[in-house]
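Asker: Okay, predicted coordinates and the sequence, questions at the end:
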Amino acid sequence: MAEEVAGPEGVERQPGPEAPLAVECRGVTRRYAGVVANDHVDLAVREGEVHALVGENGAGKSTLMKMLYGLEQPDEGEILVRGQPERIDSPRKAIALRIGMVHQHFMLVDAFTVAENVVLGAEPGTGGRLDLDEAERRVGELARGFGTRLDPGDRVETLAVGQQQRVEILKLLYRGADILILDEPTAVLVPQEVEELFQSMRSLKEQGKTIIFIAHSLDEVLAIADRITVLRDGKAIGTVDAAGTTEEEVAEMMVGRPVLLERVHGKTPPGSPMLQIKDLRVVVRGKEQVAGVDLEVRRSEIYGLAGVEGNGQAELVEALVGLRQPDGGRIYLNDEEITSASVRDRREQGLAYIPEDRHARGMVLPMTLWENGVLGQHQRPPFSRRGILDPKAMRARAAALIRDFRVKAPSVGAPGYALSGGNQQKLVLAREFASEPKLLIAAYPTRGLDIGATEFVWKELVEGRDAGLAVLLISADLEEILALSDRVGVIYDGRIATELDGAAATMNELGLYMTGARSDREPAA
Amino acid sequence: MKVEERPPAPQPPAEVPPPRVDWAEQARRFGFQLLAPFASLVLAAILGVLVVLVVQRSWADVADVASAMWDYGLMNPSSLAFIFGRATPFIFAGLAVAIGFKAGLFNIGVEGQYAMGALTAAVVGSKLSGPTAVHLPLTILAGMAGGLAWALVPALLKVYRGAHEVISTIMMNYLANGVLLFLLSGALKDPDQVGSIAQQRTAPVDPSAQVGSMVGFFNSLGFSFRSSAPVTWFFLLALVAAVIYSLTVRRTRFGFELRVIGTNPRAAEPAGIRTNAMFMKAMLLSGAVAGLAGLQDVLGIDDFMKLDYVRGYGFIGIAIALLGRNSGLGIVAAALLFAYLDRASSGIGLSTDVPKEVTYILQGVIILTIVIAYELVRRYLARRQLRETHERA
């Protein structure tokens, strides 16, 4: 898989073992109330290299980076910057040490121009007067320096996500940073943008900058990093050369056992249509977010809906689940029209829903697991009869969910917030599967999950499919879409831009449709 | 992209222990729940002593206050009757507020709702007559309907226009006040009330809609309440209401859905719960229960509604719901505590030189300390839970 995303390689200089260290952590330990987030972590980042930091959720990557950037302080151990022990007690200090960090969530002022955003807080000019021309000149120079086509006069809100990320990097360069920390920079990008980001990273490297890169996707890590450090359970498991390792090896280091995340064939061929969507339209604040979607999901089929977020997926899902009344078109579930049925009626007819945001939509975190375990099914026997609940049946169900899906939970009486994010997701998934659905709408079911949990969720989806379930899988993760889907649809600007065979589609092809560069449909009037 | 059959993923051994009810943990949690009110009472007592010392600058007055609170407040033969009678409207008001809280609604309008309930009950009680078995339930239902009607406007405004219930219920309180003044000094004024001591009040409630005193019942149990002590069968009704409330919240689908929309309405919708319908039902139920709060005064003690009727039950109800943590048992306990403090303040006024306002200060201090103590316990429990989860994980 790595070959597909990676660009041409081999001409780059790679700092050898003799290269001086830009950053070194020696035995760094950070504890939170009872939890050891970093347990005597050693990390050595050479000057001028791209160093990837990988690990499952909660492995301690973010904590380590926060300590480098001065947002947290180590309880034990020391941090050396360019060979000197330093106490980095604030981001201000980190910036003084020429360390900069791009957070996952950008911190930009939308209404300001690129130049204004970049110089914000360190504006050129004298005596309170802002010299915008000077700012634009300097920012333009910096931008050209790392091969990006950014107009310093453009307003940030008009930029694509990838370009906004470039602005964040420019902010660091403007402040003179030469050690750059990028926190999961590819999570928000489509494949083409990832490639552009990697080009920028390569040109930064050529200028001698050091980049520490927290990553999610292993093929990306192998494509761009020189060396990879793996964290697991707060410990540094080891550092390997990217050139001498494989995706499987790194995944095994991360999880502690062999992991297989590969495409799985359906055992049963898809059957008759379970979900039919005809010319569906949803208008939100005057904009047609879903602009005539026709789509069909069959029994024993996983239909993957790929797309950059904000292209109508959220509104489509809401209309399907019954959270939003569509403004046109029809929806059929198992040949019965459900276009304006209530959520409860749809659920009674066999619809199950894994919401995009499990905290907000999937669980009631202060309520107990046995109550959360029947949410959405609490209206039916055995959990309630004639309006009276049966806590015994509810507890038994929750216990079964926890056992079958290996949810790590203190007890069925514990509140939802006692579970980690991955375990919350597992509980939601377990609950929705337990409703014996005919159609499962799974929105970003593995977002934020680590490899082990992702593997588990994939397996459950595939098993459900093989047992006759129709699955509509909405995801921005193309690897997931390609690994699971029998058919893939790409949604762009509220329309299905194309439908492809899941086994034949490629990432680059999907990426072209996702960015609107290609479409099988007539352009919108 | 590799396309191949995937071998079964290696399964880690099933190490999840079978979940069970951990009674020791439940008992510990319950112990912490009790710790908070206890700690806050101790703290409030200390602050109360300080308040008396600051105001009076004498340890003798502290002793006087303490003995008045003990002797008159609790040990007088009729003390309990006064406390039960006083607690009755507090329980209804506390339950009304708690129903709102459970659904995530802040019903500040209990004050206006019980006043309107008392008015409609007074009208139905005085204008109609008939056998008690029909007239009394009808009058009580009228009281609930009055409270419900006053909650209807904020409920509609919230569901259809998104108006925040805090604002609209406060406005409805002002309206209720105005309506009461207008009607009691005009259309509903008892024409028989004349002369220099004339009260602005409704005609008396027909005996068929009056609720009897509970003194006889208590005295048959061995108490020796004096016959005029203000405790009526509404006290029993209040206790029954608290039990029904507890069961409803914990054991019914309605209560479950109430808690879901009250805690996370965004999770309610995908679960097939109609949030707006639930908000509507919760607000109306809250109003109907609020309508019961004023009935003891009108049907059991005064037998009429007078112009200076408004008693502040609605605001005390908020404090009681908070203090009782929205649980039926807690609300009854909190209502009894507030009733006791009222009784004790009369004792302080009668037998000491200390202004009885000191007990009002004490009430305020108790609410504040309770809120603080609960928050501390809640944070402690959450932290412990988190730690345990991490240890097990």
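Answerer: Everything's here; your move. Please read these numbers as outputs of a predicted model, since none were measured by experiment.
Asker: mind listing what whichever residue of the stretch 151-300 of chain B sits closest to chain A touches?
Answerer: Closest residue of the stretch 151-300 of chain B to chain A, CB to the nearest CB: B:G272 (3.3 Å). To be clear about C-beta, it is placed using only N, CA and C from the backbone, and glycine gets the same treatment. Applying CB atoms under 8 Å, 6 or more residues apart in numbering or on different chains to B:G272 gives the contacts A:342-344, A:346-347, A:376, A:379.
Asker: Can you tell me the closest non-neighbouring residue to whatever residue of the stretch 101-250 of chain A ends up closest to chain B?
Answerer: Closest contact between the stretch 101-250 of chain A and chain B, by CB to the nearest CB, is at A:D233 (9.7 Å). Once flanking residues are discounted, A:D233 sits nearest to A:A59: 6.5 Å by CB to CB, 6 or more residues apart in numbering or on different chains.
Asker: now do A:Q192
Answerer: A:G511 (5.2 Å).
Asker: Figure out the helix or strand that the residue of the stretch 201-350 of chain A found nearest chain B lives in.
Answerer: The nearest approach of the stretch 201-350 of chain A to chain B comes at A:R344, 3.3 Å away (CB to the nearest CB). Per DSSP states H and E, A:R344 falls inside helix A:343-348.
Asker: right, and the helix or strand after that helix?
Answerer: Once helix A:343-348 ends, the next helix or strand along the chain (criterion: DSSP H and E) is strand A:351-354.
Asker: The next helix or strand after that next one vs chain B: in contact?
Answerer: Moving toward the C-terminus from strand A:351-354, the next helix or strand (DSSP H and E) is helix A:369-372. Yes - residues of helix A:369-372 contacting chain B under CB under 8 Å from any CB of the partner chain: A:E371.
Asker: thinking again about what came up before, you'd agree the residue of the stretch 201-350 of chain A closest to chain B is up against A:Q379?
Answerer: Yes - with contact defined as CB atoms under 8 Å, A:R344 reaches A:Q379; the gap is 6.4 Å.
Asker: what's the spacing between the residue of the stretch 151-300 of chain B closest to chain A and A:Q349?
Answerer: Applying CB to CB, to the nearest Å, the value for B:G272 to A:Q349 is 11 Å.
Asker: Up against chain A, what does the stretch 101-250 of chain B have?
Answerer: Contact residues, the stretch 101-250 of chain B versus chain A (CB under 8 Å from any CB): B:R250.
Asker: low-scoring stretches of the stretch 101-250 of chain B, by residue?
Answerer: Scanning the stretch 101-250 of chain B for pLDDT under 70 picks out the ranges B:193-198.
Asker: repeat for the stretch 251-400 of chain A
Answerer: A:258-267.
Asker: Show me what from it comes close to chain B.
Answerer: Within the stretch 251-400 of chain A, the positions adjacent to chain B are A:257-260, A:262-265, A:321, A:323, A:342-344, A:346-347, A:353, A:355, A:360-367, A:371, A:375-376, A:378-379, A:384, A:387-389, A:391, A:395, A:398-399 by CB under 8 Å from any CB.
Asker: PyMOL command for the buried members of these?
Answerer: In PyMOL syntax, the buried subset of those is picked out as below (16 or more other CB atoms under 10 Å in any protein chain shown):
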select buried, chain A and resi 259+260+262+263+264+321+323+343+344+346+347+353+355+361+362+363+364+365+367+371+375+376+378+379+384+389+395+398+399
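Asker: Now for the residue nearest to A:Q192, which secondary structure element holds it?
Answerer: Assigned by DSSP H and E, A:G511 belongs to helix A:507-514.
Asker: Tell me how many other residues surround the residue nearest to A:Q192.
Answerer: By other CB atoms under 10 Å in any protein chain shown, 23 other residues sit near A:G511.
Asker: Pretty sure it sits against A:L482.
Answerer: No - counting by CB under 8 Å, A:G511 sits too far from A:L482 to count as a contact (11.4 Å).
Asker: Make sure I have this right: A:R518 is in a helix.
Answerer: No - counting by DSSP: H, G, I helix; E, B strand; the rest coil, A:R518 is not part of a helix but coil.
Asker: Could you check how many residues crowd around it?
Answerer: Counted with other CB under 10 Å, A:R518 comes out at 15.
Asker: how about the helices in the stretch 101-250 of chain B?
Answerer: Counting by DSSP state H, counting those that start in this stretch, one finds helices in the stretch 101-250 of chain B at the ranges B:110-127, B:132-161, B:165-184, B:215-220, B:234-251.
Asker: okay if I get those as JSON lines plus mean neighbour count?
Answerer: Converted to JSON lines, these look like this (neighbours: other CB atoms under 10 Å in any protein chain shown):
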{"stretch": "helix B:110-127", "mean neighbour count": "28"}
{"stretch": "helix B:132-161", "mean neighbour count": "20"}
{"stretch": "helix B:165-184", "mean neighbour count": "18"}
{"stretch": "helix B:215-220", "mean neighbour count": "15"}
{"stretch": "helix B:234-251", "mean neighbour count": "18"}
